[in-house]
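Novice: when you get a sec, could you give me coordinates for this:
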Amino acid sequence: MILVTGATGNVGRHLVTRLSAAGVPVRALTRDPETAVLPEGVAAIAGDLADPDSLEAALKDVESVFLVWPFLTAEQAPGVLETIGRHARRVVYLSSLGVDDDAERQADLINQFHADMERLIEKSGLEWTFLRAGTFAANALGWAEQVRAGDVVHYPFDGAKAIIHEADIAAVAARTLTEDGHVGAKHILTGPEALTTVERVRTIGEAIGRTLRFEKTPARAARERMLADGWPPTLVDALLSAPDDQPAVVTSTVEEITGAPARTFRDWAVEHADAFR
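Specialist: Predicted structure coming up:
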């Protein structure tokens with residue numbers, strides 16, 4: 001039995017569907033099972049990573065856990081890992097490509113909590129695998145409202161990123177959860193090509209049959225816009241603290257593990273075109 005946390009999220013829903021289709025026993029952890037949309041036969045179990053005691057029922061007979069950490073610090077992680085360790089033997093953790101093993105402190109808040117989580121997992125006694133994923137394609141959905149309202153996307157970053165399709169992260173996760181040979185691995189997962197924000201915006205425009213353009217927004221203006229849209233201040237500050245001048249990393253890990261080439265950002269844009277119309 002595999003327990004998937006974040007089971008209704010961008011990666012988790014792909015993973016649950018993939019495991020279920022392959023006949024792998026899978027259980028979905030969610031705070032609200034009544035609203036969870038899951039494949040037929042997949043049990044949705046109530047639980048909250050903020051409350052380790054609430055995980056006991058979900059972890060019954062579980063061997064492996066796919067762990068997505070929803071908080072910006074690892075403060076609550078020791079209790080969760082202790083609870084997982086009483087039941088499961090393996091954890092696959094969705095981490096970040098930006099984690100630097102040699103750094104005492106990471107360059108930004110998001111990579112810092114991922115690094116902290118990795119260290120705690122390494123000390124937990126669980127068999128572990130880290131999926132250090134690059135920028136999610138689904139992050140572009142944050143531009144959807146702007147695209148529906150006009151032809152300009154305002155965004156504070158213009159650096160090139162090898163954007164990864166969430167389904168590819170799920171495909172790798174499924175392999176690492178069900179196959180041997182991945183214990184102790186830190187897999188770097190990216191899409192097949194590095195694209196600037198200009199290129200990503202243009203690709204979305206092509207997918208919906210419109211000409212879109214990108215205008216770089218100062219971080220302060222971006223922060224005001226995000227706060228006005230209801231984003232939590234701590235999350236906004238964490239996102240805006242990320243460096244934008246790092247060289248783009250492109251790996252072939254997705255294809256090496258799954259046997260299928262990584263999907264392109266264009267693939268993702270075509271699949272999600274309706275969100276931008």
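Novice: what's next to stretch 1-9, contact-wise?
Specialist: The contact list for stretch 1-9, computed with Cβ atoms under 8 Å, 6 or more residues apart in numbering, reads 12-13, 15-16, 19, 24-30, 36-38, 44, 49, 58-59, 61-68, 70, 88, 94, 177-178. Backbone N, C-alpha and C define where each C-beta goes, glycine included.
Novice: likewise stretch 168-176?
Specialist: Contacts of stretch 168-176 (Cβ under 8 Å, 6+ apart): 11-12, 14-15, 17-19, 22, 24, 66, 92, 94, 129, 131, 133, 136, 182, 185, 187, 189, 191, 253-254, 257-258, 260, 262-263.
Novice: low-confidence ranges, the chain, go.
Specialist: Low-confidence regions of the chain, defined by pLDDT under 70, are absent; no residue qualifies.
Novice: where exactly do the strands run in it?
Specialist: With strands called from DSSP state E, the chain shows them at 2-4, 26-30, 43-46, 64-67, 90-96, 127-133, 152-155, 186-189, 213-216.
Novice: reformat these as CSV; add mean neighbour count and distance to residue 199.
Specialist: Converted to CSV, those look like this (neighbours: other Cβ atoms under 10 Å; distance: least, Cβ to Cβ, whole Å):
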stretch, mean neighbour count, distance to residue 199
strand 2-4, 27, 33
strand 26-30, 26, 35
strand 43-46, 16, 38
strand 64-67, 26, 31
strand 90-96, 24, 22
strand 127-133, 23, 20
strand 152-155, 18, 12
strand 186-189, 20, 20
strand 213-216, 14, 9
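Novice: save those as JSON lines, and put in distance to residue 80 too.
Specialist: Shown next, in JSON lines, are those (distance: least, Cβ to Cβ, whole Å):
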{"stretch": "strand 2-4", "distance to residue 80": "12"}
{"stretch": "strand 26-30", "distance to residue 80": "11"}
{"stretch": "strand 43-46", "distance to residue 80": "15"}
{"stretch": "strand 64-67", "distance to residue 80": "8"}
{"stretch": "strand 90-96", "distance to residue 80": "10"}
{"stretch": "strand 127-133", "distance to residue 80": "14"}
{"stretch": "strand 152-155", "distance to residue 80": "34"}
{"stretch": "strand 186-189", "distance to residue 80": "21"}
{"stretch": "strand 213-216", "distance to residue 80": "39"}
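Novice: so which of the ones you listed is nearest residue 236?
Specialist: Between residue 236 and the strands of the chain, the tightest spacing by Cβ to Cβ is seen for strand 152-155, at 13.4 Å.
Novice: what's that closest one in contact with?
Specialist: Here strand 152-155 has contacts from 143, 146-147, 197, 201, 212-217, 221-222, 225, using Cβ under 8 Å, 6+ apart.
Novice: show me what that strand pairs with in its sheet, parallel or antiparallel.
Specialist: Paired neighbours of strand 152-155 in the sheet (DSSP bridges): strand 213-216 (parallel).
Novice: using CSV, lay out the contacts of strand 152-155 together with distance to residue 235.
Specialist: CSV is the format used below for the contacts of strand 152-155 (distance: Cβ to Cβ, whole Å):
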residue, distance to residue 235
143, 17
146, 19
147, 22
197, 20
201, 23
212, 25
213, 27
214, 22
215, 23
216, 21
217, 17
221, 17
222, 13
225, 14
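Novice: quick one: the helices in the stretch 1-150 of the chain, in order.
Specialist: 12-21, 56-59, 77-85, 109-122, 144-149 (DSSP state H, counting those that start in this stretch).
Novice: chain center to the shortest one: distance?
Specialist: Spelled out, it's helix 56-59. From the chain centre to the centre of helix 56-59 is a distance of 23 Å (Cα atoms, centre = their mean, to the nearest Å).
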